[in-house]
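Enquirer: Here's my sequence, what's the structure:
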Amino acid sequence: MRFLITAGPTREHFDPVRFLSNPSTGKMGFALAEVARRYSPDVSLINGPTHLKPPRGVRSIAVVSARDMFAAVKRAARSADIIIQSAAVSDYRPARASARKQKKTNAALRIALVPNPDIAVWVGKHKRRGQVLVGFAAETHDLLRFAKGKLERKNLDLIVANDVSARDAGFAADTNRVILLWRDGKMERLPKAGKRQVARWILNRIVRYAEMVHKKV
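Expert: Sure, this is the predicted structure:
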C-alpha cells in the first residue's frame, strides 16, 4: 500500500520576514510516517516548515504555504492508497503579501485575510474507489461535534480528534491523547501515550481497515 501523509504547519507570509502560522511541530505526522514505513516501502511525507528530520526511507516533500501543500497533495493523491492528513493547515492567508519588509510605525497594522483552499475537502471529492482517507481534528472545544462534522463533510473514513488545549496533547507536546471516529459511527478513545506509540495504534487500525476495503474492491 502506498501512503501519503501531510504534517506540520503552514506559513502564510504578509511580507518576506513575517507570517501567520500555528504552533504545530509536525511530531505527530512524522511519527505516522516513520511507522507507516514499517508497513510499506512507498511512503510520501508532505511537510510544512519544521525542524524535524524526515524518517529514513520516507520520500519527503517540503512546502511552506497552504497553497504549496495543496499543489503537492494534488500531484500525489491519485496514486496513494492511504492518505493521512495530519498537517495543521492555515485556514486563512493575507490577501496581499508585500515584496519588502513592512517597517514598524505607530499606526495600527490591518491585514485583510482570505480563505485558503480546503485540501481535505478536495481530496474527499476526488476520492477513488478503494482509497482510504484519514483526517485530523485539532479543536479547543466541542471536540466530538466538530470532528464528526469534518468526518462527514470531507468524506473521510476515519478522523483522529484531539483537544489541543490540553497541555499533554497539544501541538508541541511529546504525548497525545486522541479519539478515533469512524465512518460507520464507531468511536474509540486511545489512552495518553508518546506520539510514536499513538502513531502505532492509529496505523495498526488504518491498515486493518484498508485491507478490508481492498478485499471488497
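Enquirer: would you put the C-alpha positions of the top strand by length along the chain in PDB?
Expert: Secondary structure assigned by DSSP state E gives strand 132-139 as the longest strand of the chain. What follows is strand 132-139, C-alpha atoms only, in PDB (Å, rounded to 0.1, in the frame of the first residue of the first chain):
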ATOM      1  CA  VAL A 132      -8.700   5.300   2.500                       C
ATOM      2  CA  LEU A 133      -8.800   8.800   3.800                       C
ATOM      3  CA  VAL A 134      -7.900   9.900   7.300                       C
ATOM      4  CA  GLY A 135      -8.100  13.300   8.700                       C
ATOM      5  CA  PHE A 136      -7.300  15.100  12.000                       C
ATOM      6  CA  ALA A 137      -9.400  17.400  14.000                       C
ATOM      7  CA  ALA A 138      -7.500  19.700  16.400                       C
ATOM      8  CA  GLU A 139     -10.000  21.500  18.500                       C
END
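Enquirer: Past that strand, which element shows up next along the chain?
Expert: Next along the chain after strand 132-139, taking DSSP states H and E as the criterion, comes helix 143-153.
Enquirer: So the nearest residue to Lys186 once chain neighbours are set aside, which state does it fall into?
Expert: Excluding the flanking residues, the one nearest Lys186 by C-beta to C-beta, 6 or more residues apart in numbering is Leu180, at 7.9 Å. All C-beta spots, glycine's among them, are computed from the backbone N, C-alpha and C. Under the three-state scheme (DSSP: H, G, I helix; E, B strand; the rest coil), Leu180 adopts strand.
Enquirer: Can you verify my assumption that Leu180 contacts Asp157?
Expert: No. Between Leu180 and Asp157 no contact is recorded; they are 10.8 Å apart, counting by C-beta atoms under 8 Å.
Enquirer: now the angle from the longest strand of the chain to helix 143-153?
Expert: Regarding strand 132-139 and helix 143-153, their directions subtend 150 degrees when assessed with axes from the mean of the first three to the mean of the last three C-alpha atoms, to 10 degrees.
Enquirer: Which strands border strand 132-139, and is each parallel or antiparallel?
Expert: In the sheet, strand 132-139 lines up against strand 82-85 (parallel), strand 158-163 (parallel) (DSSP bridges).
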